[in-house]
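Student: Need coordinates for the below:
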Amino acid sequence: MTRTNSITPSDLASIGEGHLAYLRRMSSDDIRARFPSAQSIRPGLKLWALFSADGTPLAVSDDRGSILASATENELLTVSIH
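Tutor: Just a heads-up that it's a prediction; the model follows:
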């Protein structure tokens, strides 16, 4: 008999909470949609965004190194989303 366990997306996100973050290359238009405080960002730019494991936006920059430094300062292990 095979035994399976179900895990919800919420459960999976909470596993990395406070420990994992993901970075993603995004357009400024997508950033403005995900980051309510980023409405002043000019359209048509390619930027890097940092999100917590549960998808909460944490930081945005035009420099990937700055995003990685921000994660390191907050003791977050980063993974890349393609």
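
Student: Go ahead and name everything in contact with stretch 28-47.
Tutor: For stretch 28-47, contacts defined as CB atoms under 8 Å, 6 or more residues apart in numbering pick out 25-27, 49, 57, 60-62. C-beta: built from backbone N, CA, C; applies to glycine.

Student: Now which of those would you call buried?
Tutor: 26, 49, 60-61 (16 or more other CB atoms under 10 Å).

Student: what are the ranges of the strands in the protein?
Tutor: 20-27, 46-52, 57-61, 77-80 (DSSP state E).

Student: what's the angle from the first one to strand 57-61?
Tutor: When axes from the mean of the first three to the mean of the last three CA atoms, to 10 degrees is applied, the directions of strand 20-27 and strand 57-61 differ by 50 degrees.

Student: Strand 20-27 pairs with which strands, and in what direction?
Tutor: strand 46-52 (antiparallel), strand 77-80 (parallel) (DSSP bridges).

Student: need the ones you listed in CSV with distance to residue 35 and mean pLDDT, can you?
Tutor: Below are the strands paired with strand 20-27 laid out as CSV (distance: least, CB to CB, whole Å; pLDDT from 0 to 100):
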stretch, distance to residue 35, mean pLDDT
strand 46-52, 7, 93
strand 77-80, 18, 83
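
Student: Select, out of those strands, the one closest to residue 66.
Tutor: Of all the strands paired with strand 20-27, it is strand 46-52 that lies closest to residue 66, at 7.7 Å by CB to CB.

Student: need the helix or strand of this protein with the lowest average pLDDT.
Tutor: In the chain, the helix or strand scored least confidently by mean pLDDT, DSSP states H and E is helix 9-15, which has a mean of 65.
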